[in-house]
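Enquirer: No sequence on hand, only this structure:
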């Protein structure tokens with residue numbers, strides 16, 4: 001194995017130059033990328049511009065004991081692209097700021113950016129700049145993404161109406177259970193460094209945790225079907241929390257039916273192994289990065305046979321509150337018990 005290069009050996013500008021070599025531009029609106037004081041972007045006429053930013057801090061949002069740097073780079077982009085998708089927009093450009101402590105080498109940062117480049121290619125987005133600086137601690141990433149939607153097509157959280165159908169993409173709870181597996185294997189390793197992680201039976205849920213995918217495919221598919229959601233949000237903090245966000249923004253209530261919550265078999269199996277309620281994992285686990293959205297009842301025929309969209313309930317009048325309805329028909333108030341930042 002070749003000797004690794006301390007960041008101090010080449011300095012900030014040489015590092016930027018090395019990272020820049022692997023970055024390519026894909027968007028026609030990108031006039032100038034990395035290399036100047038700022039990027040130059042020319043949005044297409046007749047479009048709405050959306051912008052989002054996210055901060056990822058080592059020890060809070062990720063653990064490098066079990067999160068490979070390439071996976072972290074990919075995930076850092078994907079979770080921001082997910083916010084753009086939740087606005088019914090498509091990402092176009094992004095900037096990356098990072099702060100790295102002395103234990104990180106040039107090769108480590110290049111591995112991180114290799115994951116980012118893969119994500120940029122997957123989501124057709126241009127990395128056009130950012131900032132790098134030293135840290136006295138660990139690794140911190142700040143990603144800002146720009147996106148575009150046709151004029152009048154960007155979707156807010158606030159457009160839901162009573163009787164609108166409540167829909168979710170993919171399946172839920174897998175990322176949380178993947179984290180439980182990784183944490184367990186980390187503890188086993190700390191107790192016995194000779195122990196090899198046993199992940200073969202957990203590939204799906206571990207992937208859901210380490211390398212989630214933003215659901216841009218659904219944004220494209222909804223447009224192709226002539227559907228514009230009335231409200232939308234991505235599921236980062238848990239389904240229950242996101243339903244409550246939509247209700248608060250739209251001034252509505254909601255009825256979510258437990259029997260319709262989409263749960264993959266690997267999620268159910270892992271929940272049983274950890275003696276956890278899979279519904280609780282789906283409602284409060286977080287980091288699934290699926291899309292939760294509402295559509296008018298009149299769009300039911302356009303969605304009912306979609307293999308990756310599940311209708312889990314509907315919005316109601318605000319005074320009815322947000323409720324979880326069990327298989328027995330009992331309605332209980334929906335409570336958010338997922339991730340909080342502080």
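Expert: That came in fine, so what should we check first? This structure is a prediction, so every number in the text was calculated from the model and none was measured.
Enquirer: Need the three-state assignment for the nearest residue to residue 158 once chain neighbours are set aside.
Expert: Leaving out its chain neighbours, the residue that sits closest to residue 158 by Cβ to Cβ, 6 or more residues apart in numbering is residue 249, at 4.2 Å. No exception for glycine: its C-beta is placed from N, CA and C like everyone else's. The local conformation at residue 249, judged by DSSP: H, G, I helix; E, B strand; the rest coil, is helix.
Enquirer: cool, and residue 337?
Expert: coil.
Enquirer: how far away is the nearest residue in space to residue 35 that is not next to it in sequence from residue 164?
Expert: Ranked by Cβ to Cβ, 6+ apart and with sequence neighbours excluded, the top spatial neighbour of residue 35 is residue 20, at 6.5 Å. For residue 20, the distance to residue 164 (Cβ to Cβ, to the nearest Å) stands at 46 Å.
Enquirer: hmm, back to that, the residue nearest to residue 35 against residue 14, yeah?
Expert: No - here residue 20 does not reach residue 14: they are 10.5 Å apart, not a contact under Cβ atoms under 8 Å.
Enquirer: mind listing what the residue nearest to residue 166 when sequence neighbours are not counted touches?
Expert: Nearest residue to residue 166 in three dimensions, chain neighbours excluded: residue 313, at 4.3 Å (Cβ to Cβ, 6+ apart). Contacts for residue 313 (Cβ atoms under 8 Å, 6 or more residues apart in numbering) come out as 165-166, 254-257, 260, 325.
Enquirer: cool, residue 126 as well?
Expert: Contacts of residue 126 by Cβ under 8 Å, 6+ apart are 25-27, 30, 33, 92-94, 120.
Enquirer: show me the residues around the residue nearest the centre of the chain that make contact.
Expert: With distances taken as Cα atoms, centre = their mean, residue 79 lies nearest the centre of the chain, 3.0 Å away. Contacts for residue 79 were tallied using Cβ under 8 Å, 6+ apart; they are 54, 56, 212, 214, 236, 289.
Enquirer: biggest separation within the residues you listed, which pair?
Expert: By the measure Cβ to Cβ, 56 and 214 form the most distant pair in these, at 14.9 Å.
Enquirer: Determine which member of those two has the greater number of neighbouring residues.
Expert: Neighbour count, other Cβ atoms under 10 Å: between residue 56 and residue 214, residue 214 has more, with 27 against 18.
Enquirer: That one contacts residue 291, doesn't it?
Expert: No - applying Cβ under 8 Å as the test, residue 214 and residue 291 come out as separate, 9.0 Å apart.
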